[in-house]
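Visitor: below are the sequence and a predicted model for it; my questions follow.
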Amino acid sequence: VLVQDPKSAKFDGMPRSAISTGLADVVLPPGKLAEEILSFANYPAIAIPQESPHDFPDEDILAHIYMILKKASGIDFTHYKRNTVLRRIERRMLVAHCSTPAAFSKILEENQNEVNLLIKDILIGVTKFFRDAEFFEKLKQGLSKTASSISSVFTASELDDEFYDDLEESLIVSDLGMDTTEAVMDRLRQTAKEQRIKTVDEAKLALRGILADMLNVGDPALKLDTKPSVILVIGVNGVGKTTTIGKLAHQLHDQGKKVLLCAGDTFRAAAADQLEIWSERAHCDIIRQHEGADPASVVFDAIAAARARGSDVIICDTAGRLHNKQNLMNELNKISRILDRELPGASKEVLLVLDGTTGQNGLLQARQFQECAGVTGMVLTKLDGTAKGGVVIAVAQALHIPVKFIGVGEQIDDLMPFDAKSFAEALI
């Protein structure tokens with residue numbers, strides 16, 4: 001973090017050049033915001049270039065607006081980034097058809113709902129950094145076991161054979177597996193040679209880049225281009241499929257999409273009941289049948305309901321009885337045939353949920369589900385401090401399946417889009 005006084009002669013041109021040259025990840029003026037941001041430990045690299053303050057015709061009116069906001073929320077927004085606050089005020093002025101700040105100030109005095117909307121709008125702008133930082137901290141805590149093991153290797157004094165041997169051992173223990181570890185070590189040695197890396201700190205940065213690159217095997221974003229689109233969620237029992245579906249439904253609902261859940265796991269006791277609870281929390285509909293029903297028939301009903309209700313996305317839960325591979329394969333194939341027949345050309349994502357504590361068994365699961373259903377992405381769950389997490393690198397390399405989401409807690413908003421760079425930084 002570079003905290004630089006805007007009044008300083010050295011400040012001219014500093015923010016953008018400091019970020020572009022890699023000198024700093026964040027440039028901020030001194031003040032309470034900088035103090036709050038600095039209180040976070042090990043947050044991800046986020047560039048916040050300082051821009052010229054917006055022109056505001058009357059500072060007294062702006063001060064009055066700040067006072068109204070503070071009275072309603074208890075938050076002193078003068079501590080936050082001026083540009084963000086002014087942009088949100090200007091946007092609300094346009095929505096309220098106000099041509100002058102004075103007129104908008106008058107509306108705020110008389111309309112508490114408009115005050116609440118402005119507060120919410122400003123907070124969306126100024127808290128994104130803190131949400132990202134909080135998520136990264138949870139991710140780092142979730143991978144702390146692996147991070148501790150690997151970081152201990154980088155206390156070495158030089159890049160010798162002992163360093164490489166210790167690093168190789170720690171990567172294998174971290175569930176990358178033998179093949180993936182060998183690939184990583186070969187690339188690290190080659191990079192060290194090409195870039196003339198001499199210190200362990202430089203090797204650490206190089207290793208982060210290698211792991212992030214190995215995780216970038218496909219588009220991490222969901223492809224939901226049709227109406228309806230389908231998300232088929234698969235995985236063995238106990239990995240957190242139902243919870244993931246609930247969190248994903250909540251996220252899509254917040255994006256303005258109409259979501260329909262399909263209780264396709266008709267074999268596990270109370271699976272549909274659990275999914276129904278999540279549907280209520282995520283504010284979306286659910287289609288279910290009795291326990292033991294044909295999963296494909298539930299999917300068929302869900303497709304019909306989605307058409308009738310104008311749903312944007314259908315999220316299907318599935319059984320996870322991998323111990324009976326042939327039956328599972330038959331069920332998933334049947335579901336796929338129904339989807340292809342009833343929704344030809346529809347966007348379809350097949351998300352494999354992997355438990356972060358699974359270890360190399362996760363690679364075996366991924367291979368088997370890839371045969372059954374053609375996986376398009378992974379969701380890594382249960383990063384609770386005991387997880388090693390390296391298995392996703394092994395799966396990405398072996399099967400070229402991208403990670404699309406990562407779960408770092410039990411709260412409904414603890415499922416976040418995957419970022420390879422942040423994951424690599426938390427891992428090492």
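Guide: Nice, I can see it. Keep in mind it's a predicted model, so treat the numbers as computed, not measured.
Visitor: okay, strands next: where are they in this structure?
Guide: Using DSSP state E, the strands found in the chain span residues 2-3, 27-28, 229-234, 259-262, 285-287, 313-317, 348-355, 377-381, 403-407, 415-417.
Visitor: and Glu162, how close does it get to Val200?
Guide: With the distance defined as C-beta to C-beta, to the nearest Å, Glu162 ends up 12 Å from Val200. All C-beta spots, glycine's among them, are computed from the backbone N, C-alpha and C.
Visitor: what sits in contact with each of these two?
Guide: Ala156 (C-beta atoms under 8 Å, 6 or more residues apart in numbering).
Visitor: rewinding a little: now the strands of the chain in CSV, with mean neighbour count, mean pLDDT and distance to Leu188?
Guide: Listed next are the strands of the chain as CSV, based on neighbours: other C-beta atoms under 10 Å; pLDDT from 0 to 100; distance: least, C-beta to C-beta, whole Å:
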stretch, mean neighbour count, mean pLDDT, distance to Leu188
strand 2-3, 16, 52, 30
strand 27-28, 21, 60, 32
strand 229-234, 24, 93, 34
strand 259-262, 28, 93, 43
strand 285-287, 21, 92, 48
strand 313-317, 27, 93, 40
strand 348-355, 23, 90, 25
strand 377-381, 26, 89, 23
strand 403-407, 24, 86, 21
strand 415-417, 18, 82, 27
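Visitor: redo those as JSON lines? Include distance to Arg92.
Guide: Listed next are these as JSON lines, based on distance: least, C-beta to C-beta, whole Å:
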{"stretch": "strand 2-3", "distance to Arg92": "30"}
{"stretch": "strand 27-28", "distance to Arg92": "25"}
{"stretch": "strand 229-234", "distance to Arg92": "33"}
{"stretch": "strand 259-262", "distance to Arg92": "29"}
{"stretch": "strand 285-287", "distance to Arg92": "33"}
{"stretch": "strand 313-317", "distance to Arg92": "30"}
{"stretch": "strand 348-355", "distance to Arg92": "36"}
{"stretch": "strand 377-381", "distance to Arg92": "37"}
{"stretch": "strand 403-407", "distance to Arg92": "32"}
{"stretch": "strand 415-417", "distance to Arg92": "28"}
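Visitor: quick one: closest of the ones you listed to Ile210.
Guide: Ile210 sits nearest to strand 403-407 of all those, at 16.1 Å, using C-beta to C-beta.
Visitor: the closest one: how far from the chain's middle?
Guide: Averaging C-alpha positions (C-alpha atoms, centre = their mean, to the nearest Å) puts strand 403-407 6 Å from its chain's average.
Visitor: and it, C-alpha only, in CSV?
Guide: Extracted C-alpha coordinates of strand 403-407, given in CSV (Å, rounded to 0.1, in the frame of the first residue of the first chain):
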residue,chain,number,x,y,z
VAL,A,403,-12.5,-24.0,-11.1
LYS,A,404,-15.5,-21.7,-11.2
PHE,A,405,-16.4,-21.1,-7.5
ILE,A,406,-14.9,-21.6,-4.1
GLY,A,407,-16.7,-21.9,-0.8
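Visitor: need the contact partners of it.
Guide: 139, 215, 220-222, 240, 243-244, 247-248, 349, 351, 377-383, 392, 396, 414-418, 420, 423.
Visitor: if we go to 7 Å?
Guide: 139, 215, 220, 222, 240, 244, 351, 377-383, 392, 396, 414-418 (C-beta atoms under 7 Å, 6 or more residues apart in numbering).
Visitor: which residues of the stretch 51-200 of the chain fall in helices?
Guide: 59-73, 82-95, 101-110, 112-126, 128-142, 144-153, 161-171, 178-194, 200-215 (DSSP state H, counting those that start in this stretch).
Visitor: so where's the protein uncertain?
Guide: Applying pLDDT under 70 to the chain flags residues 1-57, 81, 124-149, 321-325, 384-388.
Visitor: quick one: terminal-to-terminal distance for stretch 266-273?
Guide: Distance across stretch 266-273, first residue to last, is 10 Å (C-alpha to C-alpha, to the nearest Å).
Visitor: got a list of contacts for that stretch?
Guide: Identification of contacts with stretch 266-273 by C-beta under 7 Å, 6+ apart yields 237, 242, 263, 265, 288-289, 291-293, 295, 298, 317, 319, 321.
Visitor: which one of Glu162 and Val200 has more residues nearby?
Guide: Val200 (17 against 11; other C-beta atoms under 10 Å).
Visitor: so which of the strands of the chain gets nearest Arg189?
Guide: Nearest of the strands of the chain (C-beta to C-beta): strand 403-407, 25.8 Å.
Visitor: just checking: what are the partner strands of that closest one?
Guide: Strand 403-407 sits in its sheet next to strand 377-381 (parallel), strand 415-417 (antiparallel), going by DSSP bridges.
Visitor: distance from the longest one to the middle of the chain?
Guide: Centroid separation for strand 377-381 versus its chain: 10 Å, with C-alpha atoms, centre = their mean.
Visitor: what does it contact?
Guide: By C-beta under 7 Å, 6+ apart, strand 377-381 touches 239-240, 244, 349, 351-356, 389, 392, 395, 401-407.
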